[in-house]
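Trainee: My questions are about this predicted structure, shown below with the sequence.
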Amino acid sequence: MDKKILVIGSGGREHALCWKLSQSPKVAKVYCAPGNAGIKQHAQCIDIKASDLPGLASFAASEGIDITVVGPEDPLANGIVDVFREKGLTIFGPTKKAAQIEASKVFTKRILERAGAPTASYKVFTDPDEARNYIVEKADIPVVIKADGLAAGKGVIVARSLNEALDAVDLILVKRAFGDAGNKLIVEECLKGEEASFMAITDGFTVLPLATSQDHKPVYDNDEGPNTGGMGAYSPAPVVTEDLFEKVMEQVMIPTVKAMADESAPYKGVLYGGLMIDDGVPNVLEFNCRFGDPEAQPILMRLKTDLLDLIEAALSEKLDSVTPAWDNRAAVCVVLASAGYPGSYETGKEIHGLEDVEKMEDVMVFHAGTALKDGKYVTAGGRVLGVTALGNTIKEAIDRAYDAVSKISWEGMHYRTDIGRKALKYI
Ligand code: AMP
Ligand code: GLY
């Protein structure tokens with residue numbers, strides 16, 4: 001009971017990480033930079049931005065932090081792990097070079113090829129005319145256009161018409177809507193199927209799969225409307241059958257970790273495969289170099305093992321010696337968002353009903369974008385809360401999560417009413 005842990009980030013994922021790590025018998029204190037109003041229940045929030053890498057490293061050094069855990073992709077892509085390691089600080093996550101698996105879609109495609117993992121066929125372009133000619137002459141519609149770099153989840157356009165595809169090329173390569181993230185673009189075959197999130201912790205050698213989950217990216221019910229960071233998630237995801245789970249490990253996760261080592265970018269941390277499952281084939285849409293958000297919320301609700309044990313095993317390359325234990329129950333997380341999200345939204349709305357949900361057993365309200373004002377919780381982001389409930393069945397978890405949601409309100413609050421519904425068809 002002597003370890004000091006620093007969690008970087010300020011969303012629902014980081015709230016779930018702080019909540020879980022604060023339960024470890026080995027942990028004396030959890031800090032979170034910058035954190036949010038809900039995270040304050042489990043961690044001391046430090047006013048340093050997740051983008052201030054030297055500031056974070058100085059804090060970790062002066063405070064004697066034992067292990068730093070990074071939530072979001074930006075600091076990883078900007079090399080926070082390299083900065084910390086140079087100072088002799090222990091940090092969990094991939095290096096800048098390895099984080100390219102999320103930060104560069106062209107890099108990801110090369111790794112997937114090297115790994116022999118199933119994925120959509122594609123072509124890379126830097127010249128807009130060449131991209132347009134290729135689309136007009138060769139591509140089937142719908143087609144997917146992707147900016148190479150990180151674009152806050154907005155750099156992927158699933159074009160349903162030729163015009164939409166040509167507009168996407170214009171947006172990325174000519175108007176440069178995503179800046180340098182759009183130096184290159186990928187024109188990719190449009191895959192069909194059902195999506196799933198497959199996360200594993202790896203020490204670069206052993207790949208330890210976590211529980212399966214499924215996200216809900218579009219803002220409205222029935223997957224309509226623009227994409228968001230994720231409007232809800234549940235675990236386990238029955239679309240990933242036992243057979244498919246093995247296939248994902250053998251065809252995707254293990255060969256990818258090996259390919260990263262072969263590419264001189266050995267991977268340590270959480271590797272998240274975004275999959276499109278079609279007729280038993282787990283095609284890779286993308287990789288993320290971190291826990292999913294909101295997926296981390298239901299997954300960490302189900303994790304019975306001390307998360308710190310898993311992280312320490314990964315850091316010391318002893319993941320082969322640990323087996324995580326999972327709660328057999330299902331967990332469902334419903335994201336509550338501000339009016340206007342994922343477009344522009346207002347903040348500062350008072351949140352009602354949190355105290356009623358606190359009384360409910362096996363329900364957690366993870367805060368994603370909240371602040372405290374005059375002792376009251378107010379909205380401070382697009383995604384505001386992740387209401388997460390356990391249930392004996394997925395149906396029960398859905399009902400319990402929505403029961404909790406019904407107690408919470410603020411002006412303009414919106415959410416999807418069909419989180420988890422896709423799982424019910426497997427039962
Ligand atoms: P990504 O940021 O790469 O996960 O892409 C965002 C979303 O775009 C995914 O969750 C999918 O819904 C969709 N997407 C990405 N690539 C493809 C593809 N090749 N075919 C169909 N949909 C895709
Ligand atoms: N929920 C999707 C992601 O974390 O990227």
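Mentor: Yes, it's here. Ligands and ions are numbered 1, 2, ... in the order given.

Trainee: what about the nearest residue to residue 22 once chain neighbours are set aside, distance to residue 174?
Mentor: Excluding the flanking residues, the one nearest residue 22 by CB to CB, 6 or more residues apart in numbering is residue 42, at 4.3 Å. Every residue, glycine included, has its C-beta placed from N, CA and C. Remark: distance between residue 42 and residue 174 (CB to CB, to the nearest Å) = 46 Å.

Trainee: So the residue nearest the centre of the chain, which state does it fall into?
Mentor: Residue closest to the average C-alpha location in the chain (CA atoms, centre = their mean): residue 292, at 1.9 Å. Per DSSP: H, G, I helix; E, B strand; the rest coil, the local secondary structure of residue 292 is coil.

Trainee: so who does it touch?
Mentor: Neighbour list for residue 292: 13, 197, 199, 213, 215, 230, 233, 272 [criterion: CB atoms under 8 Å, 6 or more residues apart in numbering].

Trainee: how about the nearest residue to the last one, chain neighbours excluded?
Mentor: The spatially closest residue to residue 272, leaving aside those adjacent along the chain, is residue 288, at 3.9 Å (CB to CB, 6+ apart).

Trainee: which bits of the stretch 151-300 of the chain sit near ligand 1?
Mentor: 156, 158, 188-191, 195, 217, 274, 285-286 (CB under 6 Å from any ligand atom).

Trainee: Quick one: these as JSON lines, columns for distance to residue 381 and secondary structure too.
Mentor: Shown next, in JSON lines, are these (distance: CB to CB, whole Å; DSSP: H, G, I helix; E, B strand; the rest coil):
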{"residue": "156", "distance to residue 381": "22", "secondary structure": "strand"}
{"residue": "158", "distance to residue 381": "26", "secondary structure": "strand"}
{"residue": "188", "distance to residue 381": "31", "secondary structure": "strand"}
{"residue": "189", "distance to residue 381": "35", "secondary structure": "strand"}
{"residue": "190", "distance to residue 381": "31", "secondary structure": "coil"}
{"residue": "191", "distance to residue 381": "31", "secondary structure": "coil"}
{"residue": "195", "distance to residue 381": "24", "secondary structure": "strand"}
{"residue": "217", "distance to residue 381": "17", "secondary structure": "coil"}
{"residue": "274", "distance to residue 381": "23", "secondary structure": "strand"}
{"residue": "285", "distance to residue 381": "26", "secondary structure": "strand"}
{"residue": "286", "distance to residue 381": "23", "secondary structure": "strand"}
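
Trainee: Distance check, the residue nearest to residue 22 against residue 70.
Mentor: Counting by CB to CB, the gap from residue 42 to residue 70 is 17 Å.

Trainee: Who has more neighbours out of the two?
Mentor: When residue 42 and residue 70 are compared for neighbours, residue 70 comes out ahead with 29 against 19, by other CB atoms under 10 Å.

Trainee: Could you check the pLDDT of that one?
Mentor: Looking at residue 70, its pLDDT stands at 98.

Trainee: Isn't it up against residue 82?
Mentor: No - using CB atoms under 8 Å, residue 70 makes no contact with residue 82, being 12.0 Å away.

Trainee: Around the residue nearest to residue 272, count how many other residues there are.
Mentor: 21.

Trainee: repeat for residue 169
Mentor: 25.

Trainee: Contact residues of the chain facing ligand 2?
Mentor: 215, 229-230, 288, 292-293, 295.

Trainee: And residue 95, how far from residue 375?
Mentor: 42 Å.

Trainee: and the next element down the chain from the helix or strand where residue 313 lies?
Mentor: Taking DSSP states H and E as the criterion, residue 313 maps to helix 307-315. Sequence order places strand 330-337 as the next helix or strand after helix 307-315, per DSSP H and E.

Trainee: I'd like the average pLDDT over that following strand.
Mentor: 98.

Trainee: Pull out the buried positions in the very next helix or strand once past that strand.
Mentor: Later in the chain than strand 330-337, the nearest helix or strand by DSSP H and E is helix 354-358. When burial is assessed from 16 or more other CB atoms under 10 Å, helix 354-358 yields the following buried residues: 354, 357.

Trainee: neighbouring strands for the helix or strand following helix 354-358, and are they parallel or not?
Mentor: Downstream of helix 354-358, the first helix or strand assigned by DSSP H and E is strand 363-367. Sheet pairing here is set by DSSP bridges, and for strand 363-367 it gives strand 383-391 (antiparallel).

Trainee: what separates the strand it pairs with from the chain centre, distance-wise?
Mentor: 15 Å (CA atoms, centre = their mean, to the nearest Å).

Trainee: Looking at the residues of the chain next to ligand 2, which are in strands?
Mentor: In this view, the residues of the chain next to ligand 2 that belong to strands under DSSP state E are 215, 288.

Trainee: and the residue in the stretch 201-350 of the chain positioned nearest to ligand 1, how many neighbours does it have?
Mentor: Using CB to the nearest ligand atom, the single residue of the stretch 201-350 of the chain nearest to ligand 1 is residue 286, 3.4 Å away. Counted by other CB under 10 Å, the residues lying close to residue 286 total 17.

Trainee: Then residue 1?
Mentor: Count around residue 1 with other CB under 10 Å applied: 8.

Trainee: Next: residue 106.
Mentor: For residue 106, the neighbour count with other CB under 10 Å is 16.

Trainee: mind listing what it touches?
Mentor: So residue 106 contacts 124, 148, 184, 186 (CB under 8 Å, 6+ apart).

Trainee: quick one: it and ligand 1, what's the gap?
Mentor: 13 Å (CB to the nearest ligand atom, to the nearest Å).
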